[in-house]
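**Q** Give me the fold of what follows.
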Amino acid sequence: MSPTLEGIVVVSIEQAISAPFASRQLADLGATVIKVERTDGDFARHYDHLVKGNSAFFVWANRGKESLALDLTKTEDSELLASLIAGADVVMHNVSPEAARRRGLDAPTLRAARPDLIVCAISGYGEGGPRSEDKAYDLAIQAEAGAFSVTGDEEMSKVGFSVADIASGMYALTSILAALVRRDRTGEGADIHVSMLEALSEWLSAPMYATVYGAGQAPRTGRRHHAIAPYGTFHLASGNTILIAVQSDGEWCSLAESLLLAPELGTDPRFATNPDRLANVVEMEALIAEVLQSIPDEEALARLAAGRIAVARVNDLQGVWNHEQLRSRGRFVEVATEFGPVELLAAPFDISGSDPATGFVPALGQFRPEVIESVIARGRTRKS
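**A** Got it, this is the predicted structure:
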């Protein structure tokens, strides 16, 4: 079985997370990904040294790639990059729009010679507009896109992971895959622009629409869902924390009967519909908490299971690492790095008839010469 994207060549001029995260998914799917980084390295290499000497962020976003350290102010390095681009199917970058134009990495320049080329640019604020050249990092975009305003409790908070980088990286990935499908059909390449601000704003659309068309900005609700109840965390008698999620009035009736042993609460006017439950959320949660605190954990979980109520443990990250579902499904792989092998989560793709590709996490400038030579030769063939 061959990886899904075997034979596709991606040249990515990248740093930090957004573009590297997107290109790593392409590598996981079997594409040949050539990572072009500065001579002092992608600065994500130096965030920490926690994964057996490697940066946790770099290991996460860069397995399966070849690394070329180039100084694009030097003629020979620029010419090498041009030779690689000539053999590529996809060129991706997350340099600023102005820097891309200055270096000839903008889509009009690249596609003038190769109309079949797919060019994907990720930037903070997108092409054009008053903020197009502003520097943008994940937390800055979280702030700009309103993520802070809906996260936390009385005190606003960031999302605890690189959500703006991931959002833009995933839209880059899906756009590139769609462009590859269209190119197979028409022979036409693509000019793709992904804005971190636009990607994360899309993810915040539901609370934004509720704010604009409803009664203004909803308060931050911390452990609770802002629009559905009961949907939040509760303490069991042992002190362990679980999350209970009820999505419908029918599920509320099931919870009232199975957990609370009070089926009449299912149609109680205080709780019968989701808006009713939101209006009386403190009283409703107190009823649930009283029952959970009064019975053993095992009985509480058995009652919830009998009612087919969604329940989750509130894991820390060590708990996720040891999660029995991930471990039983074999969702970890061993990957080589310059400091020795490390165990990492496998790609979440599970495509029949396709073996996953993992590769190595490259040291700065680590590549297989035969891969680079084959891409350059591919470019020469296209020109002849």
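**Q** the domain parsing of the protein - what is it?
**A** For the chain, the structural domains run 9-205+323-383, 231-314, going by automatic domain parsing.
**Q** Can I get those in JSON lines including distance to G214 and mean pLDDT?
**A** Quick note: C-beta positions are derived from backbone N, CA and C, even for glycine. Formatted as JSON lines, the domains of the chain follow (distance: least, Cβ to Cβ, whole Å; pLDDT from 0 to 100):
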{"stretch": "domain 9-205+323-383", "distance to G214": "13", "mean pLDDT": "95"}
{"stretch": "domain 231-314", "distance to G214": "12", "mean pLDDT": "97"}
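**Q** so of those domains, which one's packed in deepest?
**A** Of all those, domain 9-205+323-383 carries the top mean neighbour count, a mean of 18, counting by mean count of other Cβ atoms under 10 Å.
**Q** which residues in the stretch 1-150 of the chain form helices?
**A** 18-28, 56-62, 75-86, 97-102, 107-113, 138-144 (DSSP state H, counting those that start in this stretch).
**Q** Just give me how far the fourth one sits from the chain centre.
**A** When you say that, I think you mean helix 97-102. 26 Å (Cα atoms, centre = their mean, to the nearest Å).
**Q** go on, the fifth one?
**A** Offset of helix 107-113 from its chain centre (Cα atoms, centre = their mean): 29 Å.
**Q** contact partners of it?
**A** I85, V91, R101, G104, L117, V119, A121, G189, D191, I192 (Cβ atoms under 8 Å, 6 or more residues apart in numbering).
**Q** Of these, just say which sits nearest to V10.
**A** Relative to V10, the closest of the contacts of helix 107-113 is V91; by Cβ to Cβ it sits at 7.7 Å.
**Q** Tabulate the helices of the stretch 1-150 of the chain (a markdown table), appending distance to V282.
**A** Conversion of the helices of the stretch 1-150 of the chain to a markdown table gives the following (distance: least, Cβ to Cβ, whole Å):
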| stretch | distance to V282 |
| --- | --- |
| helix 18-28 | 40 |
| helix 56-62 | 39 |
| helix 75-86 | 60 |
| helix 97-102 | 49 |
| helix 107-113 | 54 |
| helix 138-144 | 29 |
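**Q** can you tell which of these is closest to G128?
**A** Closest to G128 of these is helix 97-102 (Cβ to Cβ; 8.4 Å).
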